[in-house]
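Peer 1: Take this sequence and fold it.
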Amino acid sequence: MKQQFYTYIQQLQDTITSALEKVDGKAKFQEDLWERAEGGGGRTRVIENGNVFEKGGVNISAVYGELPEVLRKQFGVESGDFFACGLSLVIHPKNPFVPTVHANWRYFEMYDEAGEVVTQWFGGGQDLTPYYLFEEDAVHFHSVCKEACDCHNADFYKKYKETCDNYFWNTHRNEARGVGGLFFDYLKQTEAFTIQDRYNFVTEVGNSFLNSYVPIVEKRKELPYTQKHKDWQEICRGRYVEFNLVHDRGTLFGLKTNGRIESILMSLPPTVQWKYNYHPKEGSEEAKLLKVLTTPKNWV
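Peer 2: Got it, this is the predicted structure:
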């Protein structure tokens, strides 16, 4: 299974980066191969200063070795080895009317002293962070997510949409990071689902990503904007940074396990503002967005 999924994310990285380069029309992804001293490595691809994408990364990694201390404590074991691989992406567009997007699909195995697999699971999801709310964009994104889920189980979309709303929540501001999407973790083999069933579901979601995001980019990338719109985008980006550095489990895991810092912080946008005690004008488009972020909405 680990080889099957690693082969998949290698192919998916190629597919996604090629498609996004075509959308941008100018910038190309720069590839950076790296190795982890403890075992494994990755292939980081970053795009910057494009016509459409101000900064973005589509990264894959496969790492293995002795369980880091933070994981030994989490799993309540004294020792053990692990393997983890995944694809993680964050895209920050230039135009404030084009939303930021994040996605991640990953697989984990843990072994006993004899090298036998003692647990394995999949995790991941995708979510949308607009700076100006076009409701039809949120509906489109969620519709694609729901369609991918419905191919496998009628309950998945509602369950993983709710998990996403709860997870991508900036507790210190009492607001969502964006308009959500899907988030799932610890998808293990059960009586109802084999590990191959889990693989089939996660790859269905991964394969749906470009259809969920690219049509929105194409629709909004040429809209004219002003410095006022750009300022608001950068204020919202500040809140995106806050979530990633304060609450995000993946970022914190990477920082605590001697992860590659450039790949971990790839998710951070290039320009950000923090204005003291800033509140948008009541009734404005900016205020409309914040109102939606304080109360997660059912889009489909």
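Peer 1: State the helix or strand in which residue 101 lies.
Peer 2: strand 100-111 (DSSP states H and E).
Peer 1: could you turn that strand into CSV, dropping everything but the C-alphas?
Peer 2: C-alpha atoms of strand 100-111 as CSV (Å, rounded to 0.1, in the frame of the first residue of the first chain):
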residue,chain,number,x,y,z
THR,A,100,-6.2,30.7,-1.7
VAL,A,101,-6.5,26.9,-1.7
HIS,A,102,-4.9,24.2,0.5
ALA,A,103,-4.9,20.5,0.0
ASN,A,104,-3.2,17.5,1.6
TRP,A,105,-3.4,13.7,1.1
ARG,A,106,-1.2,11.4,3.2
TYR,A,107,-0.6,7.8,4.4
PHE,A,108,1.0,6.5,7.6
GLU,A,109,2.2,3.1,8.8
MET,A,110,3.7,2.1,12.1
TYR,A,111,5.7,-1.1,12.7
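Peer 1: strand partners of that strand, parallel vs antiparallel please.
Peer 2: With DSSP bridges as the test, strand 100-111 is paired with strand 81-93 (antiparallel), strand 117-129 (antiparallel).
Peer 1: Show the contacting residues for residue 158.
Peer 2: If you count contacts by CB atoms under 8 Å, 6 or more residues apart in numbering, residue 158 has none. In short, each C-beta sits where N, CA and C put it, glycine included.
Peer 1: picking that back up, okay, the strands paired with strand 100-111, which one's buried deepest?
Peer 2: Highest mean neighbour count among the strands paired with strand 100-111 (mean count of other CB atoms under 10 Å): strand 81-93, with a mean of 22.
Peer 1: Could I get the average pLDDT for that strand?
Peer 2: Across strand 81-93, pLDDT averages out at 96.
Peer 1: give me the number of residues near residue 159?
Peer 2: Counted with other CB atoms under 10 Å, the neighbours of residue 159 add up to 14.
Peer 1: For the strands paired with strand 100-111, give me CSV that also has distance to residue 205.
Peer 2: Putting the strands paired with strand 100-111 into CSV (distance: least, CB to CB, whole Å) gives the following:
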stretch, distance to residue 205
strand 81-93, 11
strand 117-129, 7
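Peer 1: right, so of those, which gets closest to residue 182?
Peer 2: strand 117-129 (4.1 Å; CB to CB).
Peer 1: next one: the closest one to chain centre, how far?
Peer 2: 10 Å (CA atoms, centre = their mean, to the nearest Å).
Peer 1: now the angle between strand 100-111 and the helix of greatest length in the chain, please.
Peer 2: Looking across the chain with DSSP state H, the single longest helix is helix 195-220. Angle of helix 195-220 versus strand 100-111, following axes from the mean of the first three to the mean of the last three CA atoms, to 10 degrees, is 170 degrees.
Peer 1: returning to that earlier point: average pLDDT for the strand holding residue 101?
Peer 2: For strand 100-111, mean pLDDT rounds to 96.
Peer 1: Could you do stretch 17-28 as well?
Peer 2: 98.
Peer 1: now do stretch 238-245
Peer 2: Averaged across stretch 238-245, pLDDT comes to 95.
Peer 1: What residues of it count as buried?
Peer 2: Neighbour counts over stretch 238-245 (16 or more other CB atoms under 10 Å) mark 239, 240, 241, 242, 243, 244 as buried.
Peer 1: Could you do stretch 204-211 as well?
Peer 2: So for stretch 204-211, counting by 16+ other CB under 10 Å, buried means 204, 205, 206, 208, 209, 210.
Peer 1: Max pairwise distance over these: which two?
Peer 2: Checking the buried residues of stretch 204-211 with CB to CB, the most distant pair is 204 and 210, at 13.1 Å.
Peer 1: Distance from the strand holding residue 101 to the middle of the chain?
Peer 2: 9 Å.
Peer 1: in that strand, what's buried?
Peer 2: So, applying 16+ other CB under 10 Å, buried residues of strand 100-111: 100, 101, 102, 103, 104, 105, 106, 107, 108, 109, 110, 111.
Peer 1: pretty sure the fifth one is touching residue 124, no?
Peer 2: So the one you mean is residue 104. Yes: with contacts counted by CB atoms under 8 Å, residue 104 reaches residue 124, the gap being 4.9 Å.
Peer 1: Return every residue with contacts to both of the two.
Peer 2: Both residue 104 and residue 124 are contacted by residue 86, under the criterion CB under 8 Å, 6+ apart.
Peer 1: And the helices in the stretch 201-300 of the chain?
Peer 2: 227-246, 249-256, 261-264, 285-294 (DSSP state H, counting those that start in this stretch).
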